[in-house]
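*Asks:* fold the following, please.
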Amino acid sequence: MSSFHHNNFSFSSMAITLVLAFSILFVSPSASTSRTLLDHPDAKTGFQVTLKHVDHGGNFTKLELLQRAMTRGRKRIVGIHLMALASSDATIEAPVHAENGDFQMDLAIGTPPENYSAILDTGSDLIWTQCQPCTDCYPQPTPIFDPSNSFTFSNVSCTSHVCLALLERSCSADSNCEYEYTYGGGAFTRGVMATETFTFGNVSVPDIAFGCGHDNEGYFDNAAGIVGMGRGELSLVSQLNEPKFSYCLPSFGSTKTSTLLIGSQASYQINKTTPMIRNPKIPSFYYLSLEGITIGDKFLPIDPSNFALGKNGSGGMIIDSGTTFTYLEHTAFDIVKNELIKQIKLPVVDPRETGLDLCFNITSVGPDFKVPKFVFHFEGTDLELPRENYIIADSSGTVACFTMLGSYGMSLFGNVQQQNILVIYDLAKESISFVPTQCDKL
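*Replies:* Alright, predicted model coming up:
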């Protein structure tokens, strides 16, 4: 297999990384964002897939879950910024993608089908799994996929549309397409591109293009690989050419599973939508148009430019299923933080004690203390968050934390703010909708 060059970066501070990254944004995980790479008419009926949180089944307190989520989120958002740096630096040969996300989906690969769990990622495009024979594979709880045991596996040629959709590709001696996909934190997958039958629930879809990874490194939360759900042509939704998908995430820390709906399964009566913004500099991500924030009865004095998507690709707000917390551009976050402190009127915990930006000591009032309402004003619709979507009390009943953080150069709408909301992506109309739902009963 062809060799690739690797680059390691060190960053003295998160702030410097964020500022530099978003001043020079440009990356494209695939050569085109067309949604007609492969036709899969068998998938047109739609299907439903079970999602599990990566900490599902772990014996963690709420505060420990928040701290673990913050660690993952910091790595992921740095990965997004590394994408920007890689796209603008000619010495960096491989585009870098965001680190893995919070939710895993159940699927089966091959004929006969073998069951696996893979990370769901709305911030990347490639579908891949570890494959035998392994040059170097990380441990996973299920047997690694062996293409020789499946009679529907087929290699992809170097001249195919699938191969040409990759930026980082090479050609083997037998003219098979080779790929490399690099994530933040030094994680990567390398292997050959192929097509195979994937089974989601009770629906089997032939000829899904995916990466068969023979050389994989990093921590992927015991998942066999990643299913990209981004806007590029190699993602699952693009390959299926389905007009809609949606997901519904249960309460933070819940032991319940959640649901991903694709195609006709994602149809729902919708009254209000907000535009799905496209950033041509980072075309895989889904962006929202955030116009303002209200806390209590006060519409905050935040300059709308803090949330605007710049012509150079900086700014804007990404909606991401894979990041726990919402990140607000630091100027906006400081205004939000100060207003919450002013309205909640409880002692603030030293951030060094929790690792989070804003926590309150609730020993004197208990976990059911009064909090002001929190409303995001998106273009075309307002979203008032349920209390648990922005304030989470630890199991001890002594600390409650605000589940948003500050960032530089961009904002990101995380999955805690999306819990118990059916989030519907209409790819045909390029709109996103939020429907309050009891997700564990869907």
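*Asks:* so who does Val227 touch?
*Replies:* Met105, Leu107, Ala118, Ile119, Leu120, Asp121, Ile127, Leu236 (CB atoms under 8 Å, 6 or more residues apart in numbering). C-beta coordinates here come from the backbone N, C-alpha and C atoms, glycine included.
*Asks:* report the beta-bridge partners for the third one.
*Replies:* Partner residues in beta bridges with Ala118, using DSSP bridges, are Met105, Gly225.
*Asks:* roughly how far apart are it and Ala224?
*Replies:* Going from Ala118 to Ala224 by CB to CB, to the nearest Å gives 6 Å.
*Asks:* where are the low-confidence patches of the stretch 101-250 of the chain?
*Replies:* Within the stretch 101-250 of the chain, the stretches with pLDDT under 70 are 101, 184-185.
*Asks:* just the helices in it please.
*Replies:* For the stretch 101-250 of the chain, the helices defined by DSSP state H, counting those that start in this stretch occupy 161-164, 236-240.
*Asks:* make CSV out of those helices and add mean neighbour count and distance to His214.
*Replies:* Output for the helices of the stretch 101-250 of the chain, formatted as CSV (neighbours: other CB atoms under 10 Å; distance: least, CB to CB, whole Å):
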stretch, mean neighbour count, distance to His214
helix 161-164, 19, 16
helix 236-240, 26, 22
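*Asks:* mind putting these into TSV with distance to Leu66?
*Replies:* Output for the helices of the stretch 101-250 of the chain, formatted as TSV (distance: least, CB to CB, whole Å):
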stretch	distance to Leu66
helix 161-164	40
helix 236-240	30
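*Asks:* leaving out sequence neighbours, find the closest residue to Gln67.
*Replies:* In this structure, Gln67 finds its nearest non-sequential neighbour in Gly355, 5.3 Å apart by CB to CB, 6 or more residues apart in numbering.
*Asks:* hmm, I typed the wrong one, I wanted Gly397.
*Replies:* Leaving out its chain neighbours, the residue that sits closest to Gly397 by CB to CB, 6+ apart is Pro367, at 5.2 Å.
*Asks:* measure stretch 244-263 end to end?
*Replies:* Using CA to CA, to the nearest Å, the end-to-end distance of stretch 244-263 comes out at 5 Å.
*Asks:* again with stretch 252-266
*Replies:* In stretch 252-266, first residue to last residue: 23 Å (CA to CA).
*Asks:* then stretch 396-415?
*Replies:* End-to-end distance for stretch 396-415: 23 Å, by CA to CA.
*Asks:* number of nearby residues for the residue nearest to Gln67?
*Replies:* 14 (other CB atoms under 10 Å).
*Asks:* wait, it sits on Leu63?
*Replies:* No. Gly355 is not in contact with Leu63 according to CB atoms under 8 Å; the separation is 9.2 Å.
*Asks:* measure the closest residue to Ile226 other than its chain neighbours to Leu63 for me?
*Replies:* Using CB to CB, 6+ apart and skipping the chain neighbours, the partner closest in space to Ile226 is Ile119 (4.7 Å). To Leu63, Ile119 is 24 Å away according to CB to CB.
*Asks:* confidence score at the residue nearest to Gln67?
*Replies:* At Gly355, the model reports a pLDDT of 78.
*Asks:* ok, now the one 3 residues further on?
*Replies:* At Leu358, the model reports a pLDDT of 95.
*Asks:* how about it, what does it touch?
*Replies:* Residues in contact with Leu358 (CB under 8 Å, 6+ apart) are Lys337, Leu340, Ile341, Val348, Pro351, Cys401, Phe402.
*Asks:* want to throw those into a markdown table with distance to Val205?
*Replies:* Shown next, in a markdown table, are the contacts of Leu358 (distance: CB to CB, whole Å):
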| residue | distance to Val205 |
| --- | --- |
| Lys337 | 46 |
| Leu340 | 46 |
| Ile341 | 50 |
| Val348 | 51 |
| Pro351 | 47 |
| Cys401 | 41 |
| Phe402 | 41 |
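*Asks:* any of the residues you listed buried? List them.
*Replies:* Lys337, Leu340, Cys401, Phe402 (16 or more other CB atoms under 10 Å).
*Asks:* for the third one, what are its contacts?
*Replies:* Residues counted as contacts of Cys401 (CB under 8 Å, 6+ apart) are Leu63, Leu66, Thr354, Leu356, Leu358, Cys359, Phe360, Ile391, Ile392, Ala393, Asp394.
*Asks:* got it, and the second one?
*Replies:* The contact partners of Leu340, by CB under 8 Å, 6+ apart, come to Ile295, Leu358, Pro372, Phe402.
*Asks:* let's go with 10 Å and repeat that
*Replies:* 295-296, 346, 348, 358, 360, 371-372, 374, 390-391, 402, 404 (CB atoms under 10 Å, 6 or more residues apart in numbering).
*Asks:* and it, what's its pLDDT?
*Replies:* Leu340 is assigned 98 on the pLDDT scale.
*Asks:* and what of Ala393?
*Replies:* As predicted, Ala393 sits at a pLDDT of 86.
*Asks:* right, and it touches Ile362 too?
*Replies:* Yes. Here Ala393 reaches Ile362: they are 6.4 Å apart, a contact under CB atoms under 10 Å.
*Asks:* ok, Gly186 - how many residues close by?
*Replies:* If we define neighbours as other CB under 10 Å, then Gly186 has 14 of them.
*Asks:* how about Ile392?
*Replies:* Ile392 has 23 nearby residues by other CB under 10 Å.
*Asks:* can you confirm it is in a strand?
*Replies:* Yes. According to DSSP: H, G, I helix; E, B strand; the rest coil, Ile392 belongs to a strand.
*Asks:* wait, it touches Thr403, no?
*Replies:* Yes. If you go by CB under 10 Å, Ile392 and Thr403 touch, sitting 5.7 Å apart.
*Asks:* who touches both of these two?
*Replies:* The contact sets of Ile392 and Thr403 overlap at Leu66, Phe252, Leu356, Val416 (CB under 10 Å, 6+ apart).
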